[in-house]
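Colleague: Turn this into a model:
(one chain, ligands or ions: 2)
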Amino acid sequence: MVTMPAPPPAASPPILAADRLAKRFAGLVAVDGMSLAVAPGEMVGLVGPNGAGKTTLFNLLAGSLRPDGGTVSIAGADVTREGPARRLSRGLGRTFQIPRPFPAMSVMDNMLVGAQGQAGERLGAGLFAPLATRRQERAARQKAAALLDFASLAHLAGEPARVLSGGQRKLLELARLMMADPALLLLDEPAAGVNPALMDLIAARIAQINAGGVSVLLIEHNIELVRAMCPRVVVMAAGRLLAAGPAEAVLTRPDVVAAYLGEAV
Ligand SMILES: Nc1ncnc2c1ncn2[C@@H]1O[C@H](COP(=O)(O)OP(=O)(O)O)[C@@H](O)[C@H]1O
Ligand SMILES: [Mg+2]
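Modeller: Ligands and ions are numbered 1, 2, ... in the order given. So this is what the prediction gives:
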């Protein structure tokens with residue numbers, strides 16, 4: 001019997017892969033055959049001029065938009081036909097360019113809404129809630145309190161979310177997402193419109209989350225921040241992949257620099 005050499009061990013699949021994704025809006029091609037992959041534990045920057053299709057790509061990756069073509073997979077499983085809730089349960093969490101917390105609800109209650117197991121819905125169950133339910137609720141509150149502390153929002157837990165600054169809303173959204181223990185975060189301009197002190201805090205917290213093993217795909221206009229945070233960068237322009245590779249090499253490429261010209265970045 002001839003013994004064949006053992007095949008090389010299969011590399012673990014990317015935590016996220018997009019293959020030739022396409023999305024049209026009434027004649028406008030917003031995403032035009034875009035592919036990318038994120039390896040487990042990686043932090044990747046997604047950059048490109050305004051209107052390049054970055055947010056639309058996030059909507060396709062997170063399941064809030066259906067593509068006109070192409071596929072999305074999470075850890076090797078094809079999720080193209082799954083909605084956002086199912087993708088979140090597979091570990092994919094995303095934030096929005098403009099976070100919208102429930103303004104009249106307390107910061108703490110914003111954390112508990114939609115917490116896994118729907119802890120928020122049980123808050124009114126009161127004295128007659130079964131013991132197990134109350135135990136779960138207490139655990140959710142403890143986790144929320146720890147995450148608010150992590151986001152430097154603990155002192156505001158009882159305040160209505162409307163009092164939060166733009167940067168604090170970004171932090172609340174990030175903390176709330178961490179309630180679901182995501183394996184992968186899609187962050188849409190987490191530092192946009194945030195004052196410099198909070199920007200440093202947000203960047204540090206994202207780096208900490210990534211150091212804890214969570215993969216991150218980060219849309220960010222602040223190129224200095226991208227350079228500081230992301231070893232690898234993907235550049236989109238006009239819905240397509242323009243460049244991908246090590247941050248420094250990609251961000252100094254003449255065609256990448258040209259894509260930003262006229263944008264006053
Ligand atoms: N829901 C929509 N309907 C119509 N056009 C849209 C919609 N969402 C985005 N677009 C268009 O798609 C293009 C890409 O937008 P977007 O994904 O927001 O880019 P980016 O996030 O890179 O700035 C833009 O021309 C934008 O106007
Ligand atoms: Mg955008």
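Colleague: Only C-alpha atoms from now on, for both contacts and neighbour counts.
Modeller: Will do.
Colleague: wait, what's in contact with the most centrally placed residue in the chain?
Modeller: With distances taken as C-alpha atoms, centre = their mean, residue 186 lies nearest the centre of the chain, 1.8 Å away. Residues in contact with residue 186 (C-alpha atoms under 8 Å, 6 or more residues apart in numbering) are 58, 92-95, 216-219.
Colleague: And the pLDDT for it?
Modeller: Listed pLDDT for residue 186 reads 98.
Colleague: So in terms of bridging, what pairs with it?
Modeller: With DSSP bridges as the criterion, residue 186 is bridged to residue 94, residue 217.
Colleague: Against ligand 1, how distant is it?
Modeller: Per C-alpha to the nearest ligand atom, to the nearest Å, residue 186 is found 13 Å from ligand 1.
Colleague: can you check residue 245 too?
Modeller: Using C-alpha to the nearest ligand atom, residue 245 is found at 19 Å from ligand 1.
Colleague: hang on, that residue packs against residue 232?
Modeller: Yes. Counting by C-alpha atoms under 8 Å, residue 245 does reach residue 232; the two are 5.4 Å apart.
Colleague: Give me the more crowded residue out of the two.
Modeller: Comparing residue 245 with residue 232 by other C-alpha atoms under 10 Å, the one with more neighbours is residue 232, at 20 against 14.
Colleague: Just list the residues touching the more buried one, thanks.
Modeller: Going by C-alpha under 8 Å, 6+ apart, residue 232 touches 43-45, 244-247.
Colleague: biggest separation within those residues, which pair?
Modeller: 43 and 244 (13.2 Å; C-alpha to C-alpha).
Colleague: Please enumerate the strands of the stretch 101-250 of the chain.
Modeller: 184-188, 215-219, 232-237, 240-246 (DSSP state E, counting those that start in this stretch).
Colleague: ok, residue 43 and residue 244, which is more surrounded?
Modeller: For residue 43 versus residue 244, the count of surrounding residues by other C-alpha under 10 Å is larger for residue 43: 26 against 18.
Colleague: Hmm, that one is touching residue 213, no?
Modeller: No. Taking contacts as C-alpha under 8 Å, residue 43 lies outside contact range of residue 213: 9.9 Å.
Colleague: hang on, the earlier thing: which pair of the contacts of residue 186 spans the longest distance?
Modeller: Pairwise over these, using C-alpha to C-alpha, the maximum falls at 92 and 219, 15.3 Å.
Colleague: Number of residues surrounding residue 194?
Modeller: Quick note: residue 194 (other C-alpha under 10 Å) scores 18 neighbours.
Colleague: Find the nearest non-adjacent residue to it, please.
Modeller: Leaving aside its sequence neighbours, residue 194 sits nearest to residue 167 (C-alpha to C-alpha, 6 or more residues apart in numbering; 4.8 Å).
Colleague: Run a quick neighbour tally on that neighbour.
Modeller: So residue 167, with other C-alpha under 10 Å, has 22 neighbours.
Colleague: how much space is there between it and residue 180?
Modeller: Residue 167 sits 21 Å away from residue 180, going by C-alpha to C-alpha, to the nearest Å.
Colleague: just residue 57 next, same as before
Modeller: From residue 57 to residue 180 the distance is 22 Å (C-alpha to C-alpha).
Colleague: Mind checking which of those two has more residues around it?
Modeller: Set side by side, residue 57 and residue 180 show more neighbours around residue 57, with 24 against 17, by other C-alpha under 10 Å.
Colleague: Just confirm that one contacts residue 31, I think it does.
Modeller: Yes. Counting by C-alpha under 8 Å, residue 31 is a contact partner of residue 57 at 6.6 Å.
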